[in-house]
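**Q** Here is a sequence with its predicted model. Questions after.
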Amino acid sequence: MECSECNKKINGHEYFMVDQLPVCYRCLFGKVKPLLMYPIGSVKQVNPDGISRIELFTYQRRFLYKLEEEKQISIIYYLHMTDHISTKFKRGKEGNGKEVGVFASRTPHRTSRIAVSDVELIGVNNVTIYVRGLDAFEGSPVLDIKAIKNNSGKLSRQGVRY
């Protein structure tokens, strides 16, 4: 297969389908070297009632200190099921909204494959985290968890200013 931008042969899976055409990583990202990232766990269950279960790897237990005191957290995860990108599309579930590009939307079809969901923390049990409002699929690798700042610029419930 050849890249639709530079016409060079594409090695392996190092491309995205952009507007239904193959585009190699070099054309998308230039000469930038990829980053090495390790997940800290994964989404194990997404329930119809809106409550999801996240299982962290056992070695992450030490980083959960006082997480249960937070009301809201951000879950940063990897969009492991994304396989194509559209440069422009119509917002909304029916695709009848305003036409925008990837960076002006919350679409999962993006080049970085990174997503963020601000969620309500329901509970923490050992290395299992229960949240409401996670917009992820089961099996999505979790990359990070962050406390959400409130409007005063302080971390919620802790009063720590950056």
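**A** Now that the structure is in, tell me what you want to look at. Quick caveat, the model's predicted, so the values are computed rather than measured.
**Q** Let me see the contact set for the spatially most central residue of the chain.
**A** The centre of the chain sits closest to Ala115, judged by Cα atoms, centre = their mean, with a distance of 2.1 Å. The contact partners of Ala115, by Cβ atoms under 8 Å, 6 or more residues apart in numbering, come to 76-79, 108, 135-136, 140. Just so you know, the C-beta spots here come from the backbone N, C-alpha and C atoms, and that holds for glycine as well.
**Q** Any idea what the nearest residue to Ile51 once chain neighbours are set aside is bridged to?
**A** Leaving out its chain neighbours, the residue that sits closest to Ile51 by Cβ to Cβ, 6 or more residues apart in numbering is Arg132, at 5.3 Å. Arg132 forms beta bridges with Ile51, Glu120, as assigned by DSSP bridges.
**Q** who's in contact with Arg132?
**A** With contacts defined as Cβ under 8 Å, 6+ apart, Arg132 is in contact with 50-52, 119-120, 122.
**Q** now the strands for this structure?
**A** Secondary structure of the chain (DSSP state E): strands at 15-18, 21-24, 41-46, 51-56, 72-78, 84-85, 88-90, 99-101, 114-125, 128-132, 141-147.
**Q** what about Asp49, neighbour count?
**A** With neighbours defined by other Cβ atoms under 10 Å, the count for Asp49 comes to 7.
**Q** Kindly report the same for the one 10 residues further on.
**A** As a burial measure, the neighbour count of Tyr59 was computed by other Cβ under 10 Å and equals 9.
**Q** Please apply the same query to His13.
**A** Residues near His13, counting by other Cβ under 10 Å: 7.
**Q** Now it. Its backbone dihedrals?
**A** The phi/psi pair for His13 (degrees, to the nearest 10) reads phi -100, psi 30.
**Q** ok, so what distance separates it from Met1?
**A** According to Cβ to Cβ, to the nearest Å, His13 stands 10 Å off from Met1.
**Q** do the same with Gly133
**A** To Met1, Gly133 is 39 Å away according to Cβ to Cβ.
**Q** between those two, who's got more neighbours?
**A** Gly133 (14 against 10).
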